[in-house]
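next come a sequence and a model predicted from it.
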Amino acid sequence: MPKCLRSCILQRSVKRTDLVRYAANKIEDMQKLLIGYRDNMRVEVEHGIPVTAKTVSDLRALSTWPDGLVLSIHVDLDPRLSVVRVELAS
């Protein structure tokens, strides 16, 4: 197998994860960070965080936001695999 072809195959077989983490200390920060993301994008909340949301639309509708949280946003080509995770800042 030619070297170039082998290199191209290896690059495509490596799983790439596009994950971006944003500090969201205030509710206004969180709402600004979510501009441009789909309303129906799935949300996962880390255990022990007093936030209840299943979608980005639910997050935007919140009236309170605890301090010290981070949004980890993964956008996939398949929208069903895209997710916003609400986590404690570490």
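Thanks, I have it.

and for V84, the neighbour number?
23 (other C-beta atoms under 10 Å). To be clear about C-beta, it is placed using only N, CA and C from the backbone, and glycine gets the same treatment.

distance of the spatially most central residue of the chain relative to M30?
Centroid-nearest residue in the chain: I73, 1.6 Å away (criterion: C-alpha atoms, centre = their mean). Between I73 and M30 the distance is 11 Å, computed by C-beta to C-beta, to the nearest Å.

averaged pLDDT, the helix or strand in which I73 is found. What do you get?
For I73, the element it lies in under DSSP states H and E is strand 69-74. If you average the pLDDT over strand 69-74, you get 95.

tell me the helix or strand right after the least confident helix or strand in the chain by mean pLDDT.
The helix or strand of the chain with the poorest confidence is helix 3-13; it has a mean of 43 (mean pLDDT, DSSP states H and E). Counting by DSSP H and E, the next helix or strand C-terminal to helix 3-13 is strand 19-24.

with just CA atoms, put that next one into PDB.
Extracted C-alpha coordinates of strand 19-24, given in PDB (Å, rounded to 0.1, in the frame of the first residue of the first chain):
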ATOM      1  CA  LEU A  19     -15.400  19.400  22.700                       C
ATOM      2  CA  VAL A  20     -15.300  23.000  23.800                       C
ATOM      3  CA  ARG A  21     -15.500  24.100  27.500                       C
ATOM      4  CA  TYR A  22     -16.800  27.600  28.500                       C
ATOM      5  CA  ALA A  23     -17.100  29.100  32.000                       C
ATOM      6  CA  ALA A  24     -20.600  30.200  32.600                       C
END
